[in-house]
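Peer 1: Predicted model and sequence follow; I will ask about them next.
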Amino acid sequence: MFTTEAHSGADLVVTVRGLTKSYGARTVVDNLDLDVHAGEVLGLIGANGAGKTTSVECIQGLRRPDAGEIRVLGLDPTRDADRLRPQIGSQLQSSGLPDRLRVAEAVALFAGPQAADGDRLLEQFGLAYRRKSPFAGMSGGERQRLFLVLALLNKPRLVILDELTQGLDPAARREVWSAVAQLRDSGAAVLLVTHELDEAEALCERVVAMRDGRVLDQGTPAELIARHSHEVVMRFGLAAAGAPADLQQTAYTLQALNRLPGVTSVARERGDVVIRGTREVIAQVGAWLVSTGRPAPADLRVEIPDLESALLNLLDSDETDRIGVAS
Ligand SMILES: Nc1ncnc2c1ncn2[C@@H]1O[C@H](COP(=O)(O)OP(=O)(O)OP(=O)(O)O)[C@@H](O)[C@H]1O
């Protein structure tokens, strides 16, 4: 079910084959395969405790795998840690800096011999005016942008970002997203661990969905949505289906909606008409509502399949499979 790679092997930055890691008797990463290419953002998504952070820590050489092979830029992250360190930039879940350290001081502290122009990076990420600010006085969005500057400072070829935008307000998230897109466009390979599925949809060329250490599926966000989330759901108040007291009119409306192309079900749920079906139902139901000559329902809502519904369905069907196997 996995998709064929559109990339050539030449731009491979990370290759993982059969990665397995246990804590005591518990296997938390179980035979993981993945590739990350230059100029792409690969997202690791999935349930809590799926093994995403453990996987990126192994890729970064912070944990030693029990089995499997990892290559980062052709090197082994554990054995060749010293050679790899300058080529990997990371912002991890637990990132932090001393409260009194000023932005410009942090940049000077982290800069290696081959570092990029720190002032230019601060400018690029909208932090130039904060050069003299201590870390403690910065907002969440500014801190995350500073971590990105530090992650990029030594011109890494691989950047690892874990829960990058957790707790940020919507405007700050967008700023950080645009910084990650810039990073990808500059040719770095980006490995992004996230629970924010709108973030994965906006940023990732491909995503790997994990649960309990296993890969459930991987592909582009569009491929995962097409495979696991098919239904459009439309809802509007029952009053728009006919006068509330006119049961016959309501029944007629529900039958008429049920006959429209693409509709798989029509139901009444707590005072709403709920229509499920393929994407075609959006146009069909809209046209039908207009054709009745009644005012269009002001409370009409449309839920379009997205990565979040795809992942929920994927986790659900995995659960059902496992219960089926167990029983
Ligand atoms: N040092 C450790 N010792 C024992 N168990 C650990 C250790 N680190 C992680 N675990 C366990 O391994 C499992 C996988 O953890 P990991 O942090 O890799 O998952 P995750 O997918 O990143 O989770 P989350 O999305 O909640 O951050 C979890 O059940 C966690 O409790």
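Peer 2: Okay, I see it.
Peer 1: what sits against residue 68?
Peer 2: By Cβ atoms under 8 Å, 6 or more residues apart in numbering, the residues touching residue 68 are 16-20, 31-32. Any C-beta I mention is one placed from the backbone N, CA and C, and that applies to glycine too.
Peer 1: Could you tell me whether it really is in a helix?
Peer 2: No - counting by DSSP: H, G, I helix; E, B strand; the rest coil, residue 68 is not found in a helix; it is strand.
Peer 1: picking up where we left off before, ChimeraX command to pick out the buried ones of the contacts of residue 68?
Peer 2: ChimeraX command restricting the contacts of residue 68 to the buried ones, with burial defined by 16 or more other Cβ atoms under 10 Å:
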select :16,19,20,32
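Peer 1: And the helices in the protein, which stretches?
Peer 2: 52-59, 81-84, 103-110, 118-124, 140-152, 170-185, 197-203, 221-228, 247-258, 280-291, 307-326 (DSSP state H).
Peer 1: need the ones you listed in TSV with distance to residue 162, mean pLDDT and mean neighbour count, can you?
Peer 2: Converted to TSV, the helices of the chain look like this (distance: least, Cβ to Cβ, whole Å; pLDDT from 0 to 100; neighbours: other Cβ atoms under 10 Å):
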stretch	distance to residue 162	mean pLDDT	mean neighbour count
helix 52-59	6	94	24
helix 81-84	18	88	14
helix 103-110	18	92	18
helix 118-124	21	88	16
helix 140-152	11	85	22
helix 170-185	13	84	16
helix 197-203	12	93	20
helix 221-228	19	91	18
helix 247-258	46	83	14
helix 280-291	37	92	16
helix 307-326	18	77	15
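Peer 1: For the contacts of residue 68, give me JSON lines that also has distance to residue 134 and pLDDT.
Peer 2: Shown next, in JSON lines, are the contacts of residue 68 (distance: Cβ to Cβ, whole Å; pLDDT from 0 to 100):
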{"residue": "16", "distance to residue 134": "39", "pLDDT": "96"}
{"residue": "17", "distance to residue 134": "45", "pLDDT": "96"}
{"residue": "18", "distance to residue 134": "46", "pLDDT": "96"}
{"residue": "19", "distance to residue 134": "40", "pLDDT": "97"}
{"residue": "20", "distance to residue 134": "43", "pLDDT": "97"}
{"residue": "31", "distance to residue 134": "46", "pLDDT": "94"}
{"residue": "32", "distance to residue 134": "40", "pLDDT": "95"}
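Peer 1: Need the contacts of residue 68 in JSON lines (columns: distance to the ligand).
Peer 2: As requested, those are exported to JSON lines (distance: Cβ to the nearest ligand atom, whole Å):
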{"residue": "16", "distance to the ligand": "14"}
{"residue": "17", "distance to the ligand": "19"}
{"residue": "18", "distance to the ligand": "17"}
{"residue": "19", "distance to the ligand": "12"}
{"residue": "20", "distance to the ligand": "13"}
{"residue": "31", "distance to the ligand": "15"}
{"residue": "32", "distance to the ligand": "11"}
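Peer 1: just the residues of the stretch 51-200 of the chain that are near the ligand, which are they?
Peer 2: 51-54 (Cβ under 6 Å from any ligand atom).
Peer 1: Return the closest of those with respect to residue 276.
Peer 2: Among those, residue 52 lies closest to residue 276 (Cβ to Cβ), at 31.7 Å.
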